[in-house]
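*Asks:* fold the stuff below for me.
(one chain, ligands or ions: 1)
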Amino acid sequence: MKGSCRLQRLASLASLAVLAFAIAACSEQYPNTTFDPHSEFGRDIDFLWDRMLLLGTIVFVLVESALLFVVFKYRRRTTDVRPPQTHGNAVLEVIWTLIPAFILLFIAVPTVRIIFKTQAKVAAGALEVEVIGHQWWWEFRYPQYGITTANEIYIPTGRTVNFKLTSHDVIHSFWVPQLGGKRDAITNRTNYIWFTPDSAMEPAVWNGFCTEYCGDSHANMRFRVFTVRPNDFASWVAQQQKPAAFGAAAGATPRTGAPGTATAPGGGEALTAGTGAAAGRSVAMPRPAGTTMPGIDTAAASAPIATMPVSNVAPGYTFPRNQAAFDYARPQTPTPPGLTFTKGLTGNAARGQQIYSSAACIGCHSIAGNPASVGIVGPNLTHFGSRSTIGAGTFPNTPAYLALWIKNTPRMKPGSLMPTLGKNQVSPQTRKPVTTGGLDDQQIADIVAYLTVLK
Ligand code: CUA
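*Replies:* Modelled structure (predicted):
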């Protein structure tokens, strides 16, 4: 009697635990869950998971029940009576060989079918996206549209996207939990993965990750996927195909003379980056109207830039940042302790363009429309202002975070190839403060203003 009471209590506790686990596992409120797929690829993997979980659970329950039954029924009841000892039972052995074989069939057939389906060549008419993994960011190219971007992909709902995966350095792995993956990006081999975002779903943003350990900032190698309506995608494409919105006509002249110096466009005024010469000096470029920008994130970054110029160029479609769906995509990375920025600075985009174009930035970054900026080591910044995150999805793309990023990138993202640029900032690589060539906060604010208007 006492024993059965305890058994009942154990059983009810166990079923409660199973129920709690099931609720937790099945909840679809988690942004990075694979249990809420939104593409045929995701659903296929989800189906296999469900099938295996179901069969595995049935096998577990049957086997454990049989085990408990035998343990209790044939246990040694008294010390002097030994239970009968048996060895070998041909019938039993045939049965428990056949049952697993039968179960395996139910697992193997759909598994093999889905392996062949997901490895098959993509159907004609797919959107091609080239994915190139870098330590530690993602380069995305749309060869059909001549677009190069970084860390954020826009794809239309209802159209199959064929991702062509390679790597610039070490092995990375491409994964968007609710859409598809994981598949490796390797240097000497091209991998493909394709899926179709559900045509019926509302525009959404998905978190993407690198899922192959690739060095210091593996955990900071993230990206965003925006699944948008086909007409919004077309609008986004049209905008991305244009050169940079700001200062494209004026353009910065290619570097002449000593490193670090450039001729300012229009004015013919020599500008040396890193000496503070540009700060506060009027330049011969049309100055965009300074406008107070509301909504600068003051919570995480210790010192926001108070005012910023705005571009008079209408941006193409970008995913609305104020949507609830967007919250899942907002990075939560804390900024490094002690890294601050002067409060209340106003950046000037025209000045920023000159400083950017005469500093080391152009050696690594490209901006279409800025002929001085043709570097290919770092992310393409042509439409930087239209992106929602910086540092491969690590921080929100707001002036406050961007200023800290430029000031001391390797502190914001360990191992980053981008050096420490802020004047008197200690570089984690050299462990020495940056002196000559370092940018002061006003110069950084100007570069921030320039990059921000590149919509
Ligand atoms: Cu790239 Cu991990």
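*Asks:* so where is this structure shaky, pLDDT-wise?
*Replies:* Within the chain, the stretches with pLDDT under 70 are 1-5, 20-29, 248-315.
*Asks:* go through the chain and flag its longest helix.
*Replies:* helix 40-73 (DSSP state H).
*Asks:* helices or strands next to that helix in the packing?
*Replies:* Other helices and strands packing on helix 40-73, by 3 or more C-beta pairs under 8 Å, 6 or more residues apart in numbering; DSSP states H and E, are helix 90-119, strand 180-185, strand 191-195. From N, CA and C alone the C-beta is placed, and that goes for glycine too.
*Asks:* the next helix or strand along the chain from the last one packs against which elements?
*Replies:* Spelled out, that is strand 191-195. Using DSSP states H and E, the next helix or strand after strand 191-195 towards the C-terminus is strand 204-210. For strand 204-210, the elements it packs on are strand 172-176, strand 222-228, judged by 3+ C-beta pairs under 8 Å, 6+ apart.
*Asks:* next to the ligand, which bits of this protein? Give me the list.
*Replies:* G133, W136, H172, C210, E212, Y213, C214, H218, M221 (C-beta under 6 Å from any ligand atom).
*Asks:* could you count how many residues lie near the residue nearest to P320 when sequence neighbours are not counted?
*Replies:* Leaving aside its sequence neighbours, P320 sits nearest to F326 (C-beta to C-beta, 6 or more residues apart in numbering; 6.9 Å). For F326, the tally of surrounding residues (other C-beta atoms under 10 Å) stands at 17.
*Asks:* what residues are up against the spatially most central residue of the chain?
*Replies:* With the centre of the chain defined as its mean C-alpha position, the nearest residue by C-alpha atoms, centre = their mean is F223, 1.7 Å away. Shown in contact with F223 (C-beta atoms under 8 Å, 6 or more residues apart in numbering): W138, F140, N151, E152, I153, G208, F209, A392, G393.
*Asks:* any idea how far the ligand is from it?
*Replies:* According to C-beta to the nearest ligand atom, to the nearest Å, F223 and the ligand sit 10 Å apart.
*Asks:* the ligand versus the nearest residue to that residue once chain neighbours are set aside, what's the distance?
*Replies:* Spatial nearest neighbour of F223, chain neighbours left out: G208 (4.1 Å); criterion: C-beta to C-beta, 6+ apart. Applying C-beta to the nearest ligand atom, the value for G208 to the ligand is 11 Å.
*Asks:* count the neighbours of G208 for me.
*Replies:* 27.
*Asks:* give the contact list for it.
*Replies:* By C-beta under 8 Å, 6+ apart, the neighbours of G208 are W138, I153, F174, W175, V176, G181, R222, F223, R224, V225, G393.
*Asks:* for those, work out which two are farthest apart.
*Replies:* Between any two of the contacts of G208, the greatest separation by C-beta to C-beta is 15.0 Å, found for G181 and G393.
*Asks:* settle it for me: which of the two has more neighbours?
*Replies:* G393 (25 against 22).
*Asks:* mind checking how far that one is from T333?
*Replies:* Distance of G393 to T333, given as C-beta to C-beta, to the nearest Å: 9 Å.
*Asks:* give me the common contacts of the two.
*Replies:* Common neighbours of G393 and T333 (C-beta under 8 Å, 6+ apart) are N220.
*Asks:* sorry, back to before: spell out the secondary structure type for the residue nearest to P320.
*Replies:* At F326, secondary structure determined by DSSP: H, G, I helix; E, B strand; the rest coil is helix.
*Asks:* how close does it get to P334?
*Replies:* Taking C-beta to C-beta, one finds F326 at 20 Å from P334.
*Asks:* which SS class is K343?
*Replies:* coil.
*Asks:* burial measure for V170, as a count.
*Replies:* Neighbours around V170, by other C-beta under 10 Å: 17.
*Asks:* what sits against it?
*Replies:* G133, Q135, T187, C214, G215.
*Asks:* which residue is the nearest non-sequential neighbour of whichever residue of the stretch 51-200 of the chain sits closest to the ligand?
*Replies:* Closest residue of the stretch 51-200 of the chain to the ligand, C-beta to the nearest ligand atom: H172 (3.4 Å). Excluding the flanking residues, the one nearest H172 by C-beta to C-beta, 6+ apart is G133, at 3.2 Å.
*Asks:* isn't the one you found up against R183?
*Replies:* No. Checked against C-beta atoms under 8 Å, the pair G133 and R183 is beyond contact range at 11.1 Å.
*Asks:* overlap in contacts of those two?
*Replies:* Residues touching both G133 and R183 (C-beta under 8 Å, 6+ apart) are L165, F174.
*Asks:* just want to know which of these two has more residues nearby.
*Replies:* G133 (26 against 19).
*Asks:* what strand or helix carries that one?
*Replies:* Secondary structure (DSSP H and E) places G133 in strand 127-134.
*Asks:* do Q442 as well
*Replies:* Going by DSSP H and E, Q442 is part of helix 441-452.
*Asks:* show me how far that helix is from its chain's centre.
*Replies:* Its chain's C-alpha centre and that of helix 441-452 lie 25 Å apart, by C-alpha atoms, centre = their mean, to the nearest Å.
*Asks:* now swap in stretch 320-334 and tell me
*Replies:* Per C-alpha atoms, centre = their mean, the displacement of stretch 320-334 from the mean C-alpha position of its chain is 12 Å.
*Asks:* now the end-to-end length of it.
*Replies:* Length of stretch 320-334, first residue to last, C-alpha to C-alpha, to the nearest Å: 24 Å.
*Asks:* please point out which parts of that stretch sit buried.
*Replies:* By neighbour count on 16 or more other C-beta atoms under 10 Å, the buried set for stretch 320-334 is F326, Y328, A329, P331, T333.
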